[in-house]
Structure formats: C-alpha cells, structure tokens
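# Dropping a prediction and its sequence here:
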Amino acid sequence: MAYGKARHNYGTINRNLFKLSRNIHTLNKTPINEVSTTMRRVHVFIHGMVHGVFFRANIQRKAIELDVTGYAKNTDDGDVECIFEGEEEDIEEMLEFCKEGPRNAQVEDVDIEDENYTGEFDNFEIRY
C-alpha cells in the first residue's frame, strides 16, 4: 500500500513539475505585461446516483491532481455540491470529470454556476 501511495505522489510531483516548466517556458517567451492566468470559481451541483459511490473522494483526488481548491459535500436531497477554484483549464477538466463521475456513479445532470473567484481555499476538502 505504501508503494502505491509513493507512486501516486511521484506522478503528482511529475505533473506539477511539468506544469511549472510549461509556465516558465511561457514566461520566457511572453512579455511580462502579457502574462496572466485566468482564475475561475464555479459552484456545482451533481444530480443522479452520486451518493455511496466514492464520488466525493474521486473528486478530491482529481482536484488535488489538478491543483484545484474548494470542497465537495453530499446534500440532503441526494446530490453532491462542490465549489472549485483554480485555473480555467483545470476547472474545465474538473467539470468534465463531474459529468462522467466515478465508475459506479450515474450522473443525470450537472448544474454549474460561475461565481467571483475569491482564493479563499488552501486545499480541496470533503465536507460533512
């Protein structure tokens, strides 16, 4: 088990290093006044058979992989509610993941509402 976790961390480190090197490459080729990262915040409700299928845990794993912050929690009416904050392209990837869900989930619909980016989160957590 420890080996698998170490391998996962190694993969995450490699992806983050790749992102960093890509950003540095972009910085080296782009005038400093033209460098900007579009940050985005979305409030998401995922409807369907999404409780009891490790939906939140899989969302958290994906968010950590993409360096997206926020939270995921189950709602009383059987949905999963999420707030995602991060770079535009990473948020888009998170939304695509939400539309598919983990293997045993049956996603019927995903409501997405854009909100003002706040930067209030330090990580991605599962709330209860």
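Yep, that arrived.
# Looking at strand pairing, list the partners for residue 87.
In this structure, residue 87 bridges to residue 39 when assessed by DSSP bridges.
# which residues does it contact?
37-40, 67 (Cβ atoms under 8 Å, 6 or more residues apart in numbering). All C-beta atoms are positioned from the backbone trio N, CA, C, and that covers glycine.
# could you redo the last one with a cut-off of 10 Å?
19, 23, 37-40, 66-68, 93 (Cβ atoms under 10 Å, 6 or more residues apart in numbering).
# do the same with residue 104
49-50, 52-55.
# Repeat that for residue 72.
44, 46, 55-60, 63, 80-84, 98, 124-127.
# let's see 7 Å
56, 59-60, 80, 82, 126 (Cβ atoms under 7 Å, 6 or more residues apart in numbering).
# State the distance from residue 54 to residue 87.
From residue 54 over to residue 87 the distance is 25 Å, taken as Cβ to Cβ, to the nearest Å.
# Residue 110 now?
20 Å.
# all helices in the protein, in order from the N-terminus.
In the chain, the helices defined using DSSP state H lie at 2-29, 55-66, 88-100.
# And those helices, which one averages the lowest pLDDT?
Note on the helices of the chain: helix 2-29 shows the lowest mean pLDDT, a mean of 52.
# Give me the number of neighbouring residues for the closest residue to residue 94 other than its chain neighbours.
With sequence-adjacent residues excluded and distances taken as Cβ to Cβ, 6 or more residues apart in numbering, residue 94 is closest to residue 84, at 5.1 Å. Applying other Cβ atoms under 10 Å, we find 29 residues neighbouring residue 84.
# In this structure residue 84 contacts residue 91, no?
Yes. At 5.4 Å, residue 84 counts as touching residue 91 under the criterion of Cβ atoms under 7 Å.
# what's the overlap in contacts for those two?
Common neighbours of residue 84 and residue 91 (Cβ under 7 Å, 6+ apart) are 42, 68.
# the domain parsing of this protein - what is it?
For the chain, the structural domains run 2-34, 39-127, going by automatic domain parsing.
# Contact partners for the residue nearest the centre of the chain?
Nearest residue to the geometric centre of the chain (Cα atoms, centre = their mean): residue 63, 3.0 Å. Taking Cβ under 7 Å, 6+ apart, we find residue 63 in contact with 70, 84, 94, 124.
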